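**Q** fold the following.
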Amino acid sequence: MFDIVSPEAIRDGRATDAYFERTRDALEGAGRDPHVVCEVTADQFPDGSFETFAGVKDAAHLFEGRDVTVHALGAGQLFDGGPVMRIEGSYLAFAELETSLLGFLSSASGWATGARRVVSAAGDDVSVLSFGARHVHPSTAAALERAALVGGVDGFSHVAAGEVLGREPSGTMPHALVICFGRGEQEAAWRAFDDHSPEDVPRIALTDTYSDEVDEALRAAAAVEDLHSVRLDTTGSRRGDFRHIVREVRWALDDAGHEDVGVFVSGGIGADDVRELRDDVEGFGVGSAISNAEPVDFALDIVERDGESAAKRGKLSGAKQVYRSGEDHVVRPADEPGPTDGRPLLRPLVEDGEIVRDFSVDEAAKRCASDAERVGFGDEE
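**A** Sure thing, here's the model as predicted:
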């Protein structure tokens with residue numbers, strides 16, 4: 001019914017580019033199957049532009065049961081040049097998996113990097129929710145939301161992704177709810193949401209459907225007892241000075257005795273908006289800045305063949321290790337010592353087809369936050 005490639009096709013290696021099938025035919029016909037070391041990289045050398053590694057769980061399961069050994073960065077690790085993954089085994093044990101592997105890693109790492117950029121801009125005291133699932137194919141929503149969590153968001157809105165990830169989805173209300181009640185009936189819409197939502201759902205009223213944001217915010221605060229927040233989702237074409245609008249709403253709520261009612265902002269919000277608005281805002285709903293983040297342009301290349309260095313032009317031959325040394329990302333040959341204060345980042349992921357690592361989203365998010373602080377990712381200029 002839907003244009004979705006099945007998990008079975010991915011695991012079996014049929015979700016691949018045709019030339020890998022031709023390669024298998026050629027190698028098998030010629031009686032060749034060298035033992036290789038392959039590396040996944042985005043950039044050969046560090047350039048000071050860090051990105052966040054994600055997609056590790058899916059990658060591990062892709063190799064599960066195959067006669068290969070895989071080392072990789074941890075989910076949430078920031079990287080800047082050099083390999084993020086190293087795969088060792090006979091080439092035909094995993095040749096067709098390259099297309100799916102890069103797809104798993106490229107999109108997820110882009111989403112996690114976008115999320116980390118927004119979360120770093122928000123700071124420690126402001127929540128960020130991922131609202132971007134509507135911008136991706138629904139079959140990838142759980143992968144998107146896992147990557148966003150790795151990047152540090154506090155939650156997400158997608159129901160089915162929550163079922164996959166074991167997380168309760170978050171969300172407020174759409175303009176459609178208010179419009180279904182009609183102009184002048186905003187209070188009825190807000191009260192209906194309050195009356196019929198589970199007790200553990202924060203009461204957040206959308207307050208920019210028909211009237212001025214200040215007007216609807218004050219009406220919502222008066223209409224709903226124990227209102228948690230008001231949400232401003234004003235489209236860019238009507239915003240004007242959005243920071244001024246947000247500050248005016250905050251001032252009006254305080255002046256009317258609603259100091260406990262927060263302000264939540266969504267609608268085309270990016271890291272720069274978050275940085276500008278965060279002092280007056282309790283939380284952000286962020287969509288396209290995460291879901292539309294540019295995928296990381298990973299490539300997979302053979303760097304050793306039958307124990308000898310081998311690589312195409314423009315690629316660095318030989319197996320490598322990467323290290324975190326202070327705030328630096330350091331790339332060295334795997335058979336040479338690393339920096340004296342360096343911590344090796346490529347760690348076992350799959351050994352002889354067996355997954356040897358767990359995939360805690362919370363641990364990955366902690367790793368991401370700690371590493372981002374260490375390397376200064378997202379620091380204001």
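
**Q** C-alpha from now on. contacts and neighbour counts both.
**A** OK.

**Q** and residue 293, what does it touch?
**A** Residues counted as contacts of residue 293 (CA atoms under 8 Å, 6 or more residues apart in numbering) are 110-111, 113-114.

**Q** nearest residue to residue 101 in space, ignoring adjacent ones along the chain?
**A** residue 59 (5.9 Å; CA to CA, 6 or more residues apart in numbering).

**Q** oh sorry, the question was meant for residue 206
**A** residue 231 (4.7 Å).

**Q** roughly how far apart are that neighbour and residue 225?
**A** Residue 231 sits 16 Å away from residue 225, going by CA to CA, to the nearest Å.

**Q** per-residue pLDDT, the residue nearest to residue 101?
**A** Note on residue 59: pLDDT of 97.

**Q** SS state for it?
**A** Look at residue 59: counting by DSSP: H, G, I helix; E, B strand; the rest coil, its state is helix.

**Q** pretty sure residue 117 is touching residue 379, no?
**A** No: taking CA atoms under 8 Å as the definition, residue 117 is not a contact partner of residue 379, at 9.4 Å.

**Q** neighbours of residue 256, how many?
**A** 11 (other CA atoms under 10 Å).

**Q** got the contact list for it?
**A** Shown in contact with residue 256 (CA under 8 Å, 6+ apart): residue 218.

**Q** compare residue 117 and residue 379 (neighbour count), which wins?
**A** residue 117 (24 against 11).

**Q** contacting residues for residue 188?
**A** residue 181.

**Q** quick check: the gap between it and residue 177.
**A** 10 Å.

**Q** do residue 283 as well
**A** With CA to CA as the criterion, residue 283 and residue 177 are 21 Å apart.

**Q** residues in contact with stretch 103-114: which ones?
**A** Contacts for stretch 103-114 (CA under 8 Å, 6+ apart): 51-56, 58-59, 76, 143-144, 147-151, 289-298.

**Q** just the buried members of the residues you listed?
**A** Buried by 16 or more other CA atoms under 10 Å: 51-56, 58-59, 76, 143-144, 147-151, 289-296, 298, out of those.

**Q** of those, which belong to strands?
**A** The strands, defined by DSSP state E, take in 51-52 from the buried ones among the contacts of stretch 103-114.

**Q** low-scoring stretches of the chain, by residue?
**A** Within the chain, the stretches with pLDDT under 70 are 234-240, 380-381.

**Q** that one: helices as residue ranges?
**A** Under the criterion DSSP state H, helices of the chain are mapped to 7-12, 18-30, 56-63, 98-122, 141-151, 159-165, 175-181, 186-196, 213-223, 236-239, 242-255, 271-277, 288-291, 361-375.

**Q** got the buried residues for the last one?
**A** The reference is to helix 361-375. 361, 364-369, 371-372, 375.

**Q** and for stretch 323-341?
**A** So for stretch 323-341, counting by 16+ other CA under 10 Å, buried means 323-325, 329-332, 338-339.

**Q** can you redo those residues as a markdown table with distance to residue 272?
**A** Listed next are those as a markdown table, based on distance: CA to CA, whole Å:
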| residue | distance to residue 272 |
| --- | --- |
| 323 | 31 |
| 324 | 28 |
| 325 | 29 |
| 329 | 26 |
| 330 | 30 |
| 331 | 32 |
| 332 | 35 |
| 338 | 37 |
| 339 | 36 |
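
**Q** and of those residues, the nearest to residue 355?
**A** Nearest to residue 355 out of those is residue 323 (CA to CA; 22.6 Å).

**Q** now that closest one, nearest residue through space, not along the chain?
**A** residue 344 (4.4 Å).

**Q** list the residues that contact the one you found.
**A** Residue 344 neighbours (CA under 8 Å, 6+ apart): 321-324, 338.

**Q** got the residues you listed as TSV, with distance to residue 88 columns?
**A** Formatted as TSV, the contacts of residue 344 follow (distance: CA to CA, whole Å):
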residue	distance to residue 88
321	14
322	17
323	20
324	23
338	21
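
**Q** burial count for residue 30?
**A** The burial count for residue 30: 9, using other CA under 10 Å.

**Q** please export the C-alpha coordinates of stretch 40-50 as PDB.
**A** C-alpha atoms of stretch 40-50 as PDB (Å, rounded to 0.1, in the frame of the first residue of the first chain):
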ATOM      1  CA  VAL A  40      33.000   5.500   7.200                       C
ATOM      2  CA  THR A  41      34.000   9.100   7.000                       C
ATOM      3  CA  ALA A  42      32.600  12.500   6.200                       C
ATOM      4  CA  ASP A  43      35.900  14.500   6.200                       C
ATOM      5  CA  GLN A  44      39.400  13.200   6.100                       C
ATOM      6  CA  PHE A  45      40.900  15.800   8.400                       C
ATOM      7  CA  PRO A  46      39.500  17.900  11.300                       C
ATOM      8  CA  ASP A  47      38.400  21.400  10.200                       C
ATOM      9  CA  GLY A  48      36.800  22.600  13.500                       C
ATOM     10  CA  SER A  49      33.300  22.000  12.300                       C
ATOM     11  CA  PHE A  50      31.800  19.300  14.700                       C
END
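
**Q** what comes up buried for that stretch?
**A** Buried-residue list, stretch 40-50, by 16+ other CA under 10 Å: 40-43, 50.

**Q** roughly how far does residue 256 sit from residue 62?
**A** From residue 256 across to residue 62, the span is 57 Å (CA to CA).

**Q** same deal with residue 144?
**A** Taking CA to CA as the criterion, residue 144 is separated from residue 62 by 18 Å.

**Q** buried residues in stretch 214-222?
**A** 214, 216-218, 220-221.

**Q** if we go by neighbour counts, what in stretch 128-144 is buried?
**A** Under 16+ other CA under 10 Å, the buried positions of stretch 128-144 are 128-133, 141-144.
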